[in-house]
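S.K.: Let me see the structure of the following:
(chains A and B)
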Amino acid sequence: MSRFVHPDLALSPTLDERAGMDFVSALRSHVLNDMAAHMKTRWTETIAPKLPAPPATGQEVHKAIKPDLFFRFYSATRVNAQEMVWDSVRGTVERERAAFAGRLAGLTGKAGGTLELDPALEVPKNVSAIDVHLMPGGYANGADGAAGAIYENGLGVFSFGLMGENLDDIGSSIALWLSARFPDFRPQRILDLGCTVGHQTLPWARTYPVAEVIGIDVAAPGLRYAHARAEAQGVKAHFKQRDARATGFEDGSFDLVFSSMFLHELPLKDIRAVFAEAKRLLRPGGLMLHYELPPNGQMDPYDAFYLDWDCFYNAEPYYKGYRDQDPAELCRTAGFAADGFFQAVVPSIGWYGADAVKAEASAEATGIDGNTGRLADGVRWFTYGAWA
Amino acid sequence: MTEPLPRAAKGDRPTFFDDPAVDALVTMVLELAREQWVLRHRLAVLEDYVERKEGSLGAVEAHAMPADKTAALDAQRAEFVTRLFRAVER
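M.R.: Residues are numbered from 1 along each chain as shown, chains lettered A, B, ... in the order given. Sure thing, here's the model as predicted:
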């Protein structure tokens, strides 16, 4: 059975397919932990000392490290591992695809959540024309939920355990942190933007059980899967096919508007539109909150280069453009008051435990470091928000 | 008629070496490595099965490995991956 997937949605890979998935996970762990550490040492001890002046930006680090043989092997291996992630689950999904559509449909009604699709919605080019993170076909491929199964099973292989047993470490860590940091904030209506299969949507329903939780996305396959996944897990949530730039919800109708790993997949003009839409949707006293990669302006040049690798080699064309922005400025431009902005570095609940997350909530905010937003052992999640 | 799930992502593959043949060889080596691992894993499972039960090989597919052997295999796999990169990691 596939790992990190609820039994009601799990696939039945063969023994060889399972071993292949485990190999790819081990390969990724080696690249992102061991090879990454080795590359940083080479940079610090061999490459940087030979430069006429220390690089001031990630771009300058990238230029200086590009000819290095180890960088080339690191990058070539990481690209291949990324391709192998999706390839390792594709065959299983393809084989079980016909029956899988029926399994998804059969889960409706178990928890009372809903699914609303809009075939007339135009899927934006950044989703339809780009296979983001090299996932063949992208989020919107096909009329069934197969792309959702590729994404969830692939994420299980990709994350080598760092996203937790339910692949929801980001949402669980940040929801726990928020509830501990602002115990008087009890949102009644919560919106998750660009939710794909709802991994980081459901922790909000678990943390705030009386709240109405809604996830939106432009891609139908992920929403079909998200609905079935929530129902299978007994969590009531509603999934709707809508565009985060113009959601169609009423003014002032949400207390919390959240997104996770969403903004960096958007062109800058769309990010600004999403922020303006979030501002419109929030009631006074409501909160816009994003989990994202940390901004380049707050990182040392090497760490900035390290994260921006995806922009150049992992089909993430908007990654650096987003990371070059100042989150506080983005919020201010969208009409949020400057004194309502905050940011935090939240320990992974799976890696550090719930007590560490709560301790972070009651302590002076931790600064961004090399582990922040970097998928490797000891990861910490970067989040920021603005009160309406 | 449902189209088969695509195998490759849209767009050009990034390359890192002066000779693109090296990029291709990296892919081949990694695919061989994956296959080598898959076979080795399967062999370990078969050996364990035969050692304990001497039964039909048809039951191998559903056979669950004991935790200590899984842990040993996990460690061997990590070691194997490390060895694969010995030419460039020194």
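S.K.: For A:Asp34, grab the count of nearby residues.
M.R.: 16 (other C-beta atoms under 10 Å in any protein chain shown). For every residue, glycine as well, the C-beta is placed using N, CA and C.
S.K.: Quick check: chain neighbours aside, which residue is closest to it?
M.R.: Once flanking residues are discounted, A:Asp34 sits nearest to B:Thr82: 7.2 Å by C-beta to C-beta, 6 or more residues apart in numbering or on different chains.
S.K.: now do B:Val81
M.R.: Nearest non-adjacent residue to B:Val81 (C-beta to C-beta, 6+ apart): A:His30, at 4.5 Å.
S.K.: got the contact list for A:Ile349?
M.R.: A:Gly164, A:Asp169, A:Ser172, A:Ser173, A:Leu176, A:Ala356, A:Val357 (C-beta atoms under 8 Å, 6 or more residues apart in numbering or on different chains).
S.K.: Need the max-distance pair from those.
M.R.: Within the contacts of A:Ile349, A:Gly164 and A:Ala356 form the most distant pair, 14.3 Å apart (C-beta to C-beta).
S.K.: Who has more neighbours out of those two?
M.R.: A:Gly164 (19 against 16).
S.K.: Give me the secondary structure label for the more buried one.
M.R.: Under DSSP: H, G, I helix; E, B strand; the rest coil, A:Gly164 falls in the coil class.
S.K.: Give the closest residue to it in space, chain neighbours not counted.
M.R.: A:Gly164 sits nearest to A:Gly350 (C-beta to C-beta, 6+ apart), 4.2 Å away.
S.K.: separation between that neighbour and A:His6?
M.R.: A:Gly350 sits 17 Å away from A:His6, going by C-beta to C-beta, to the nearest Å.
S.K.: Could you check which helix or strand contains the residue nearest to A:Gly164?
M.R.: Here A:Gly350, judged by DSSP states H and E, is contained in helix A:349-352.
S.K.: which parts of stretch A:226-241 are buried?
M.R.: A:226-233, A:235-241 (16 or more other C-beta atoms under 10 Å in any protein chain shown).
S.K.: Let's see which of those end up in strands.
M.R.: Counting by DSSP state E, the buried residues of stretch A:226-241 place A:His238, A:Phe239, A:Lys240, A:Gln241 in strands.
S.K.: Relative to chain B, which of those is nearest.
M.R.: Closest to chain B out of those is A:Gln241 (19.8 Å), distances taken as C-beta to the nearest C-beta.
S.K.: for the closest one, what are its contacts?
M.R.: A:Glu116, A:Leu117, A:Asp118, A:Leu121, A:Ile216, A:Asp217, A:Val218, A:Ala219, A:Ala220, A:Leu223.
S.K.: Which residue is the nearest non-sequential neighbour of the second one?
M.R.: Going back to what we said before, that points to A:Leu117. A:Gln241 (4.8 Å).
S.K.: Next: the first one.
M.R.: With C-beta to C-beta, 6+ apart as the criterion, A:Glu116 has its nearest non-adjacent residue at 4.4 Å, and that residue is A:Lys240.
S.K.: Which positions in the stretch 201-350 of chain A make contact with chain B?
M.R.: Counting by C-beta under 8 Å from any C-beta of the partner chain, the stretch 201-350 of chain A comes close to chain B at A:Phe312, A:Tyr313, A:Ala315.
S.K.: again, 7 Å this time
M.R.: Proximity of the stretch 201-350 of chain A to chain B (C-beta under 7 Å from any C-beta of the partner chain) is limited to residues A:Tyr313, A:Ala315.
S.K.: how close does the residue in the stretch 201-350 of chain A that chain B sits nearest to sit to A:Gln188?
M.R.: Scanning the stretch 201-350 of chain A for proximity to chain B using C-beta to the nearest C-beta identifies A:Tyr313 as nearest, at 4.5 Å. Distance of A:Tyr313 to A:Gln188, computed by C-beta to C-beta: 43 Å.
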